[in-house]
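Student: Just to be clear, the model below is a prediction. Sequence and coordinates:
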Amino acid sequence: MTFRPLVDAFGRVHTDLRISVTDRCNLRCSYCMPLETTFKPREELLTFEEIARVVAVAAGRGIRTIRLTGGEPLVRRDLSALVRLVTSIDGITEVALTTNGLLLAEQAGDLRAAGLSRINCSLDSLHEEGFTRIARRPGLANVLAGLEAAKRVGFESIRINAVSMRGLTEAEIVPLARFCRQEGFHLRFIEFMPLDAEESWSADRVLSGAEVRRILEREIGPLVAEKPVDPGQPAVDYRWVDGGRVGFINPVTRPFCDRCDRLRLTADGQFRNCLFSTTEWDVRGLLRHGGSDASLAAMMDQCVAAKHAAHGIESPTFARPARAMYQIGG
Ligand code: SAM
Ligand code: SF4
């Protein structure tokens, strides 16, 4: 059979699949979750075997990299078993993880042994008070222990993700950058997107990547732009001449939709072609009603074909998706 990549109406080739493994989380970050919520019942979540089947079909259509996310992926029992399943699928070249790091210290060794390639850890503050104000639960010491453990077991180029929100995160910027420079972590600031469950987002609460960069240059020193390693990467990375890297993911002020190569699978088994997608394709229904691999591939084609040119956050007609970040998978 001839190989057919997943190409959308705008010529974008899809090679990356983001898989959420749970909507549960042990934090309650204000930019993501509500304080109180009910989670999907377990039987509605895809099993590891179902996820692996989707990945195998996706790999046959050109998906090469997988990122496991959530909710908090490390609250899903035995995540390293999923990593082992997915890394063994033909065509998959990299399996990465986005985590809040709370449970990383105890799982880093197993994840590494299972073949996990890379870790992104979210961290918004280095002070317990700031951490708890943003995440609305304690846990800084666990995250720091998790980062230590990840280094110790041999993970390289660990990234730290920090969300930038006006009025909430300004004081954290410089300490985070100093810490990451010192520890050799690659820090990336992400602009606040309209995906928070509490719907508090407004354009004036977005602390732009350009503003964060100005603060870093003023307080630490001039930054030099780096050439992107991967043309599809959303981040613009910079380097300080005397060492350390920092990047900016600016989905609001500098959308990168024209380079998007991502598909998403929610924990409850729905395909999405964008974080901001308002349509989903029911993979779980198909898998649980005897759907063939060919029908699964056809569903991927439909999902990709329906992808919009851009998210349109800046448009007056922009409509938020019904689900928040923790339910989609960031
Ligand atoms: N729980 C894991 C974590 O926090 O890394 C994985 C899931 S979380 C939804 C993935 C990423 O999305 C995190 O880096 C988080 O900071 C980011 N995020 C969540 N809500 C966001 C929002 N409204 N705007 C921008 N980034 C957001
Ligand atoms: Fe949990 Fe991650 Fe959302 Fe924070 S950003 S509430 S850690 S899923």
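Tutor: That came through, no problem. Ligands and ions are numbered 1, 2, ... in the order given.
Student: What about the spatially closest residue to residue 61 that is not a sequence neighbour, how many residues nearby?
Tutor: Closest residue to residue 61 apart from its sequence neighbours, by Cβ to Cβ, 6 or more residues apart in numbering: residue 6 at 5.1 Å. Where C-beta positions appear, they are placed from N, C-alpha and C, glycine not excepted. Using other Cβ atoms under 10 Å, residue 6 has 23 neighbouring residues.
Student: Bridged to residue 6, which residues?
Tutor: Beta-bridge partners of residue 6, counted by DSSP bridges, are residue 14.
Student: got the contact list for it?
Tutor: By Cβ atoms under 8 Å, 6 or more residues apart in numbering, the contact list for residue 6 reads 13, 14, 58, 61, 62, 63, 263, 300, 301, 304.
Student: Tell me the one of those nearest ligand 2?
Tutor: residue 263 (19.5 Å; Cβ to the nearest ligand atom).
Student: ranges for the strands of the stretch 1-150 of the chain?
Tutor: 6-7, 13-14, 16-20, 65-69, 94-99, 118-122 (DSSP state E, counting those that start in this stretch).
Student: How far off centre is the fifth one?
Tutor: It refers to strand 94-99. 8 Å (Cα atoms, centre = their mean, to the nearest Å).
Student: Check the burial of the residue nearest to residue 116 when sequence neighbours are not counted by counting its neighbours.
Tutor: Nearest residue to residue 116, sequence neighbours excluded (Cβ to Cβ, 6+ apart): residue 83, at 5.0 Å. By other Cβ under 10 Å, the residues close to residue 83 number 26.
Student: now do residue 132
Tutor: Residues lying near residue 132 (other Cβ under 10 Å) number 15.
Student: ok, now which ones touch it?
Tutor: Going by Cβ under 8 Å, 6+ apart, residue 132 touches 138, 140.
Student: Please determine how far it is located from residue 29.
Tutor: According to Cβ to Cβ, to the nearest Å, residue 132 stands 11 Å off from residue 29.
Student: Look up how far residue 214 lies from residue 111.
Tutor: Taking Cβ to Cβ, one finds residue 111 at 37 Å from residue 214.
Student: out of those two, which sits in the busier spot?
Tutor: Taking other Cβ under 10 Å, residue 111 and residue 214 do not tie; residue 111 has more neighbours (26 against 12).
Student: distance of that one from ligand 2?
Tutor: Using Cβ to the nearest ligand atom, to the nearest Å, residue 111 is found at 17 Å from ligand 2.
Student: Disregarding residues adjacent in the polypeptide, which is nearest to that residue?
Tutor: Once flanking residues are discounted, residue 111 sits nearest to residue 80: 5.1 Å by Cβ to Cβ, 6+ apart.
Student: Report pLDDT for residue 261.
Tutor: What the model reports for residue 261 is a pLDDT of 95.
Student: Would you check that it makes contact with residue 13?
Tutor: Yes: counting by Cβ atoms under 8 Å, residue 261 touches residue 13, with 6.3 Å between them.
Student: Near ligand 2, which residues of the stretch 101-250 of the chain are found?
Tutor: Contact residues, the stretch 101-250 of the chain versus ligand 2 (Cβ under 6 Å from any ligand atom): residue 122.
Student: Just the pLDDT for the closest residue to ligand 1 within the chain.
Tutor: At 2.8 Å from ligand 1, residue 330 is the closest residue in the chain, using Cβ to the nearest ligand atom. At residue 330, the model reports a pLDDT of 86.
Student: follow-up on the earlier one: so residue 261 and residue 13 - more neighbours on which side?
Tutor: The neighbour comparison of residue 261 against residue 13 (other Cβ under 10 Å) goes to residue 261, with 21 against 12.
Student: the strands in the stretch 151-300 of the chain, which residues?
Tutor: Counting by DSSP E, counting those that start in this stretch, the stretch 151-300 of the chain has strands at residues 159-164, 186-191, 223-225, 236-240, 245-249, 262-265, 270-272, 281-282.
Student: Kindly reformat the ones you listed as CSV and extend each row with mean neighbour count and distance to residue 313.
Tutor: Below are those laid out as CSV (neighbours: other Cβ atoms under 10 Å; distance: least, Cβ to Cβ, whole Å):
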stretch, mean neighbour count, distance to residue 313
strand 159-164, 23, 15
strand 186-191, 22, 10
strand 223-225, 12, 24
strand 236-240, 17, 18
strand 245-249, 23, 14
strand 262-265, 24, 17
strand 270-272, 24, 16
strand 281-282, 18, 23
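Student: export these to a markdown table and tack on distance to residue 175?
Tutor: Shown next, in a markdown table, are the strands of the stretch 151-300 of the chain (distance: least, Cβ to Cβ, whole Å):
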| stretch | distance to residue 175 |
| --- | --- |
| strand 159-164 | 11 |
| strand 186-191 | 11 |
| strand 223-225 | 17 |
| strand 236-240 | 16 |
| strand 245-249 | 13 |
| strand 262-265 | 31 |
| strand 270-272 | 35 |
| strand 281-282 | 43 |
